[in-house]
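Q: Any chance you can model this:
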Amino acid sequence: MLSINFIKLLLLLLIIIDMVDSTEWKLIEKLNVNNQRDYTKQDRINPNEELKLIFFIKQNSVEDIANDISNPHSVNYGKHLTKAQVDELTANPEATKEIKSYFEINNINIKEITNNGAYITAIGLASDWEKLLNTHFHYYVNSSGDKLARTHKYYLPDNLAGYVTGIMNTVQFPLVMSPGPVIRSHIPRTGY
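A: From the prediction side, this is the model:
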């Protein structure tokens with residue numbers, strides 16, 4: 001017969017497992033099928049394939065400053081900022097630090113962080129990205145044979161979602177350029 005202590009231990013383990021698995025996820029972005037162009041969804045991606053994703057870190061707003069320097073009635077009118085000053089004002093070191101930590105804890109290789117931390121480029125296995133973004137990646141192929149790894153939507157844990165405005169190489173597809181110039185036909189004006 002099972003002892004009471006063993007049953008208590010088993011219940012405690014079940015509670016802990018439930019807590020670990022109870023991550024709240026927030027949808028960040030989903031595929032707009034109109035942007036998919038002529039790409040067709042294929043098989044699931046090889047879980048061992050490396051994917052390079054670029055995280056757009058939410059930046060601090062400079063809207064008030066921009067309004068101030070563009071207002072002719074302001075004492076700061078025309079006192080434009082340099083790129084370095086804008087980078088310093090918009091940088092969000094807390095967000096950059098949190099996303100970096102998330103990558104380090106989950107063995108994701110950070111390749112580059114821009115000077116103000118606005119973009120973080122990282123490489124990881126497809127299986128790791130699927131776990132971290134609560135999604136599945138598939139191959140998409142177009143009529144020219146170009147092959148991309150993309151997903152139909154992705155999520156981030158609630159505690160990180162406010163730090164990221166988007167992740168490139170997830171639901172985006174290349175723009176199709178016009179093969180030649182766009183010609184507008186002349187529409188005669190009437191009423192003269």
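Q: Okay, now the unreliable bits of the chain?
A: Within the chain, the segments meeting pLDDT under 70 span 1-2, 5-22, 176-178, 180, 182-192.
Q: and with 80 instead?
A: Scanning the chain for pLDDT under 80 picks out 1-22, 33-37, 175-192.
Q: dump the residue contacts of the residue sitting nearest the centre point of it.
A: Closest to where the C-alpha atoms of the chain average out (Cα atoms, centre = their mean) is I167, at 1.8 Å. Counting by Cβ atoms under 8 Å, 6 or more residues apart in numbering, I167 touches 28-29, 53-56, 133, 154. (Glycine included, C-beta is placed from N, CA and C.)
Q: And stretch 90-98, what's buried?
A: By 16 or more other Cβ atoms under 10 Å, the buried positions in stretch 90-98 come out as 90-92, 95-96, 98.
Q: cool, stretch 159-171 as well?
A: By 16+ other Cβ under 10 Å, the buried positions in stretch 159-171 come out as 160-161, 163-164, 167, 169-171.
Q: hmm, back to that, quick one: the buried residues of stretch 90-98 as CSV, columns for secondary structure and distance to I69 too.
A: Compiled in CSV, these are given as follows (DSSP: H, G, I helix; E, B strand; the rest coil; distance: Cβ to Cβ, whole Å):
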residue, secondary structure, distance to I69
T90, helix, 15
A91, coil, 19
N92, coil, 21
A95, helix, 25
T96, helix, 26
E98, helix, 31
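Q: Now distance to S144 too, for the residues you listed, in a markdown table please.
A: What follows is those, written out as a markdown table (distance: Cβ to Cβ, whole Å):
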| residue | distance to S144 |
| --- | --- |
| T90 | 38 |
| A91 | 40 |
| N92 | 39 |
| A95 | 38 |
| T96 | 37 |
| E98 | 40 |
